[in-house]
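Participant: My questions are about this predicted structure, shown below with the sequence.
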Amino acid sequence: MDEKEIIVCRCEEVTLSELEQTAATYDCSARELKLRTRAGMGFCGGRTCRTMIEAFGIDKREKNQHQVTLKYQAPVRPVPFGKLGGETP
């Protein structure tokens, strides 16, 4: 397997070459990379790839004081209204 085809974000299937190309084209921070490629926005919410994307963004662009770090959110699952109201199944 070519190094450029390594998948960084498994949920959104974003490869290392996509991140490199986007960073070179738009001079992106880690947050901008996430928004442009959807890396870290899949089912896991960035739990597995957030640190790699953040490290990649720091390596490719000098960090400044106004740069926002990446956040991640736990996956959301639907909750039936019956459970919220205390009904039993």
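Facilitator: Noted; the coordinates are in hand. Numbering: from 1, shown residues only.
Participant: Tell me which residues of the one helix or strand Leu35 maps to come out buried.
Facilitator: Counting by DSSP states H and E, the element that carries Leu35 is helix 30-37. Neighbour-count burial for helix 30-37, counted by 16 or more other C-beta atoms under 10 Å, picks out Ala30, Arg31, Glu32, Leu33, Lys34, Arg36, Thr37. For the C-beta atoms, the positions are set from N, CA and C on the backbone; glycine is no exception.
Participant: so what secondary structure elements neighbour it?
Facilitator: Secondary-structure packing of helix 30-37 (3 or more C-beta pairs under 8 Å, 6 or more residues apart in numbering; DSSP states H and E): helix 16-26, helix 50-60.
Participant: Give the rounded mean pLDDT of the next helix or strand after the last one.
Facilitator: From helix 50-60 onward toward the C-terminus, using DSSP H and E, the following helix or strand is helix 81-85. The pLDDT scores in helix 81-85 average 78.
Participant: For helix 81-85, list the C-alpha coordinates in PDB.
Facilitator: This file holds the C-alpha atoms of helix 81-85, laid out as PDB (Å, rounded to 0.1, in the frame of the first residue of the first chain):
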ATOM      1  CA  PHE A  81     -40.100   9.900  24.100                       C
ATOM      2  CA  GLY A  82     -41.500   7.000  26.200                       C
ATOM      3  CA  LYS A  83     -38.200   6.500  27.900                       C
ATOM      4  CA  LEU A  84     -38.000  10.200  28.700                       C
ATOM      5  CA  GLY A  85     -41.500  10.200  30.100                       C
END
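Participant: gap between it and the chain center?
Facilitator: From the chain centre to the centre of helix 81-85 is a distance of 32 Å (C-alpha atoms, centre = their mean, to the nearest Å).
Participant: Can you report how many residues neighbour Ile7?
Facilitator: 15 (other C-beta atoms under 10 Å).
Participant: Phe56 too?
Facilitator: Neighbours of Phe56 (other C-beta under 10 Å): 20.
Participant: which residues touch the closest residue to it other than its chain neighbours?
Facilitator: Nearest non-adjacent residue to Phe56, counting by C-beta to C-beta, 6 or more residues apart in numbering: Leu19, 5.7 Å away. Neighbour list for Leu19: Val8, Leu33, Thr37, Ala39, Ile53, Phe56 [criterion: C-beta atoms under 8 Å, 6 or more residues apart in numbering].
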